[in-house]
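K.L.:
just to be clear, the model below is a prediction. Sequence and coordinates:
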Amino acid sequence: MNDSTHDVSNRALSNLDLETSEKPYLDSNELIINMGPQHPATHGVLRVILKLDGEKVLGTECVIGYLHRGVEKIAENRTYTMFNPYVDRMDYVAAVSNGLGYCEAVEKLMNVEAPARAKYIRVILTELNRIASHQLWLGTHALDIGAMTPLFYTFRDREEILKIFEKYCGARLTTHAFRIGGCQYETYAGFEKEVKNFLTFVAPKIDEYEELLTTNRIWIERTKNVGVISALDAIALGVTGPVLRASGVKWDLRKAQPYAAYSEFDFDIPTGTNGDTYDRYLVRMAEMRQSLRIIEQAVNRIPEGPIMAKVPKIIKPPVGEIYHSIEAPKGELGYFIVSDGSTQPYRLRVRPPSFVNLQALDTMVRGLLVADVVAVIGTIDIVLGEVDR
Amino acid sequence: MPNFIMSYLGIKDAITPGAAGSQFWALVYVFIIFAGVSVAVMAMNWLERKALAHFQIRLGPMRVGPHGLLQPIADAIKLMLKEDIIPAEADQFVFWVAPLIGLLASFTVYTVIPFGPSQAVSDMNIGILFMLGVSSLGVLGIVVAGWASNSHYPLIGALRSSAQMVSYEVAMGLAVVSAILMTSLNATGTGTLSMIGIVQAQQQQGVWFIFKFFPLGLIAFGIFAIAMIAETNRAPFDMAEAESELTAGYHTEYSGLRWSLFMLAEYAAMIAVSSIAVALWLGGWLRPFPNLLQGPAWDFIFSLFPGLTFLGLAAIAVVGVVRMPSHSFFKIQRIGLAGFAAVLGFIALLLLIIAVAGRSGDASGAMSPAARFREGIDYVYWFVFKVAVFMYLFIWYRATWPRYRFDQLMKIGWKVMLPISLVVLIATAIVGVLVS
């Protein structure tokens, strides 16, 4: 964080002190207001301290930690298997991706590889989850900008994905779908057919969302040139995922460091050019379509065979450390695990995309208006469970 | 009976009670309008929630009464029973008085709204001026509310709405002036500011002002239609209460009855501005084609519309009764909805009887009291029908569009709407001179 943001927090504190002492009734100082932690548009319990000149944002300071549960510390006191469900609670709208990243990291540490069928199931579920996550993002983002209706459309269609999850593993949100070494459950009867049905069902629905927003004059005015972040800035701040790609950087871990079965599928990486909110919107909409492509290929080519690799009942990875990252819906989700050879990790560190992307908020909103702060928080697509862990 | 009481009771149905000096009937009209607007606000509240819900593939209120018909009443009771909170830091008196300012402003406007040539409280000769003046007082309530709350979000909301309303008032006023200019296109060459006079001018000229000097009237109407959304703080111009940005804007600190007064004022203002639009451009109380399709036969056909509308509503209610699940849990709801359908059907029947009984015979000019009554109902019906279309549009906008940003709204107001309305005004004047 640079100097001026510290300035904001200092001012905020000094302002609080002033409340009790004498204060001129009329003054023309900058306004310091708290957005959150209880605010309809901060997507949970994010607190943003805004320094405003009228409506213009002079600086922001994010205060996080309201949802801190100490997930990384918990990992040190749980066995590798026991910790698996905890990762679902970080980014709870993309629990499947979290599970995939964790399972693959431990597998890499143990030098095990999941069987091909398990990999395909993982890809299908993870991409379904990506669509669900993007749908939730779109609904809430549009709601923040004032379009109420897309929220209900996206939730209606997200429901179909959650139904597939529920049938597969019994849970809708915190799925715990994968196990270290593969998958616990074989696909249920009619899984392929249902996924294919979903593909034909959702493709026109994505067009429907676009119809409401993409060419909507107000939507374009609200999002074009709002929250611009250049490719260099984005890289410098460690921003990943759709936010980075919208700035024109063609960086997708599914292509750059293929994991699971992604190297076997044919798909494009949508990128933007301006790095503004509208481009991020377009990139995510295109990503949903690319996910459909991947799922279609995966479902058609899903191999037969075992779904679980040979993994000991008690997981004891050899001494060593590993960093493994995947392309979660929100960006690069990395797990750094240090093993001391026991059943529990010596240290587990998560690199959450939301947390890192949130750093870009200040760069993006400086000089914009209050209404844009809301739009930019929406476009970064943060989940506070993941930011705070 | 003493003569002066009789003079109070005497209805002169050719002119409004205000113009006739009949204070008694003026008071009766005021009460009828007050009750009517309050009921309309409740109905609008229900309709907005239901229509919005159906836009958004939801059901909306379904529990209180059949299809949530009693929901507004339940809400009203709840709001009245809530604790009356005035924040400790607030300016107590101003906080208390703010909702009343808004409410007074939006209800006072109704004194000049012409539901018919004599169906108004008063025919003020400066009617439209009075209306614009009083309705813009509503912003005072909002500004004062935001200021008195002594809190950041309400303050920003109040600032936004004051800037917004002031800038849109200008374009709105210019659009109104271009409509008023059109009223002067008659033999004497004098226009009128009276709301009733404006509608009568449209009747005499044989054209609704929206179609006059095509497309000038249409553009002026369009400007007014946009400005009136901004004026009433509705989506997509609802910046003053943008919930995703300012939590609730100027009424963040308000709750209970005071909050409901703001809502009442907002909805009443929506109806009021729609009434202005209807009176100025859409022929007010005039039925479609009043000059083209003349004669007793056409009169009779159009006079059936009020009854048929209620019949249609009753039919919808009957469909609702039939479609309700047969489980005994729904018994009371079914009875309630059937009763509602019966009431609507009864009203429809009454209106149809009036339409038949009040049929004007040959064109001798003399009208029976029944015919006059029937005519009055027709006037009110067509006026309310047109306003209702606007109300539906308000809901539709809200369901469809994202919210404008504050600076974009100001940009549109000053850089787009104001020049266009100026050009339209000048063009209207020039064309008017050339035509006459």
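P.N.:
That came through, no problem. None of these values were measured; they are calculated from a predicted model.
K.L.:
make it CA atoms for all contacts and neighbour counts henceforth
P.N.:
Fine.
K.L.:
secondary structure element holding the residue of the stretch 251-389 of chain A found nearest chain B?
P.N.:
Going by CA to the nearest CA, chain B is nearest to A:A371 of the stretch 251-389 of chain A, at 5.8 Å. Per DSSP states H and E, A:A371 falls inside helix A:370-380.
K.L.:
helix or strand next in line after that helix, which one?
P.N.:
That would be, after helix A:370-380 and using DSSP H and E, helix A:384-388.
K.L.:
residues of chain A that sit close to chain B?
P.N.:
A:33, A:39-41, A:54-55, A:142-150, A:152-153, A:212, A:218-219, A:221-222, A:370-372, A:374 (CA under 8 Å from any CA of the partner chain).
K.L.:
same thing but 7 Å
P.N.:
A:33, A:39-41, A:144-149, A:152, A:218-219, A:222, A:371, A:374 (CA under 7 Å from any CA of the partner chain).
K.L.:
take those and keep only those in strands.
P.N.:
A:I33 (DSSP state E).
K.L.:
pick out the most distant pair among the residues of chain A next to chain B.
P.N.:
By the measure CA to CA, A:I33 and A:F152 form the most distant pair in the residues of chain A next to chain B, at 30.8 Å.
K.L.:
so which residue is dead centre in chain B?
P.N.:
The centroid of chain B falls nearest to B:I271 when counting by CA atoms, centre = their mean (2.0 Å).
K.L.:
shaky segments in chain A?
P.N.:
Along chain A, segments meeting pLDDT under 70 span A:1-29.
K.L.:
kindly list the longest helix within it.
P.N.:
Counting by DSSP state H, the longest helix found in chain A is helix A:116-145.
K.L.:
now for that one, which elements pack on it?
P.N.:
helix A:95-110, helix A:149-169, helix A:277-301, helix A:370-380 (3 or more CA pairs under 7 Å, 6 or more residues apart in numbering or on different chains; DSSP states H and E).
K.L.:
from the chain's centre, how far out is the second one? Work that out for me.
P.N.:
Once both centres are worked out by CA atoms, centre = their mean, to the nearest Å, helix A:149-169 turns out to sit 17 Å from its chain's centre.
K.L.:
ditto for the last one
P.N.:
On the basis of CA atoms, centre = their mean, helix A:370-380 is displaced by 16 Å from the centre of the chain it belongs to.
K.L.:
contacting residues for the residue lying closest to A:D88 once chain neighbours are set aside?
P.N.:
Of all residues not flanking A:D88 in the chain, A:A95 sits nearest, at 4.4 Å (CA to CA, 6 or more residues apart in numbering or on different chains). The neighbours of A:A95, taking CA atoms under 7 Å, 6 or more residues apart in numbering or on different chains as the test, are A:88-89, A:173-175.
K.L.:
of all those residues, which comes closest to chain B?
P.N.:
Distances from chain B to those, taken by CA to the nearest CA, are shortest for A:L173, at 22.1 Å.
K.L.:
burial count for the closest one?
P.N.:
18 (other CA atoms under 10 Å in any protein chain shown).
K.L.:
what sits against it?
P.N.:
A:L173 touches A:92-93, A:95, counting by CA under 7 Å, 6+ apart.
K.L.:
quick check, the residue in chain B closest to chain A?
P.N.:
For chain B, CA to the nearest CA, closest residue to chain A: B:P402, 4.0 Å.
K.L.:
with neighbour numbers in mind, choose between A:I33 and A:F152.
P.N.:
For A:I33 versus A:F152, the count of surrounding residues by other CA under 10 Å is larger for A:F152: 19 against 16.
K.L.:
I'd like to know how far the closest residue to the more buried one other than its chain neighbours sits from A:D207.
P.N.:
Once flanking residues are discounted, A:F152 sits nearest to B:Q56: 5.8 Å by CA to CA, 6+ apart. The gap separating B:Q56 from A:D207 is 17 Å, by CA to CA, to the nearest Å.
K.L.:
which of the two has more neighbours?
P.N.:
Per other CA under 10 Å, whichever of B:Q56 and A:D207 has more neighbours is B:Q56, with 19 against 14.
K.L.:
from A:M110, how far off is A:T187?
P.N.:
Taken as CA to CA, the span from A:T187 to A:M110 is 25 Å.
K.L.:
more neighbours, those two?
P.N.:
A:M110 (20 against 15).
K.L.:
ok, the nearest residue to the more buried one once chain neighbours are set aside - how many residues close by?
P.N.:
Spatially, and ignoring its direct neighbours in sequence, A:M110 is nearest to A:P317 (5.0 Å; CA to CA, 6+ apart). For A:P317, the neighbour count with other CA under 10 Å is 22.
K.L.:
residues contacting A:D91?
P.N.:
Shown in contact with A:D91 (CA under 7 Å, 6+ apart): A:383, A:385-386.
K.L.:
apply 8 Å and report the result again.
P.N.:
Going by CA atoms under 8 Å, 6 or more residues apart in numbering or on different chains, A:D91 touches A:98, A:383-386.
K.L.:
may I see the ChimeraX selection of the buried members of those?
P.N.:
In ChimeraX, a selection of the buried entries from those looks like this (16 or more other CA atoms under 10 Å in any protein chain shown):
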select /A:98,383,384,385,386
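K.L.:
from the contacts of A:D91, which two are the most distant?
P.N.:
Between any two of those (CA to CA), the greatest distance is 14.3 Å, for A:N98 and A:L384.
K.L.:
still on that earlier bit, any chance of the helices and strands packed on helix A:116-145 in TSV, plus distance to A:T81?
P.N.:
Formatted as TSV, those follow (distance: least, CA to CA, whole Å):
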stretch	distance to A:T81
helix A:95-110	9
helix A:149-169	17
helix A:277-301	27
helix A:370-380	32
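K.L.:
between those helices, which gets nearest to B:Y110?
P.N.:
Going by CA to CA, the one of the helices and strands packed on helix A:116-145 nearest B:Y110 is helix A:149-169, 33.3 Å.
K.L.:
so which elements touch whichever helix or strand comes after the closest one?
P.N.:
Downstream of helix A:149-169, the next assigned helix or strand under DSSP H and E is strand A:178-179. Strand A:178-179 sits against helix A:95-110, with contacts defined as 3 or more CA pairs under 8 Å, 6 or more residues apart in numbering or on different chains; DSSP states H and E.
K.L.:
centre of the chain to the helix it packs on, how far?
P.N.:
The answer for helix A:95-110 is 16 Å, by CA atoms, centre = their mean.
K.L.:
next one: stretch B:107-124
P.N.:
12 Å.
K.L.:
and if you look at stretch B:275-292?
P.N.:
14 Å.
K.L.:
distance between the ends of it?
P.N.:
OK, stretch B:275-292 end separation, CA to CA: 24 Å.
K.L.:
mean confidence for it?
P.N.:
For stretch B:275-292, the mean per-residue pLDDT is 84.
K.L.:
how much space between A:R280 and A:A375?
P.N.:
In terms of CA to CA, A:R280 sits 11 Å off from A:A375.
K.L.:
repeat for A:V356
P.N.:
18 Å.
K.L.:
more neighbours: the two, which one.
P.N.:
In this view A:V356 and A:A375 are compared by other CA under 10 Å, and A:A375 has more residues nearby, 27 against 18.
K.L.:
isn't that one up against A:H141?
P.N.:
Yes. A:A375 lies in contact with A:H141 (CA atoms under 8 Å); the separation is 6.8 Å.
K.L.:
can you check the contacts of A:A95 and name whichever has the most neighbours?
P.N.:
Most crowded among the contacts of A:A95, counting by other CA under 10 Å, is A:D88 at 25 neighbours.
K.L.:
in the stretch 51-200 of chain B, which spans are helices?
P.N.:
Assigned by DSSP state H, counting those that start in this stretch, the helices in the stretch 51-200 of chain B fall at B:71-81, B:92-108, B:127-148, B:152-183, B:195-205.
K.L.:
could I get the ones you listed as a markdown table with distance to chain A, mean pLDDT and mean neighbour count?
P.N.:
Output for these, formatted as a markdown table (distance: least, CA to the nearest CA, whole Å; pLDDT from 0 to 100; neighbours: other CA atoms under 10 Å in any protein chain shown):
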| stretch | distance to chain A | mean pLDDT | mean neighbour count |
| --- | --- | --- | --- |
| helix B:71-81 | 22 | 89 | 15 |
| helix B:92-108 | 16 | 88 | 20 |
| helix B:127-148 | 12 | 86 | 23 |
| helix B:152-183 | 7 | 85 | 23 |
| helix B:195-205 | 35 | 84 | 23 |
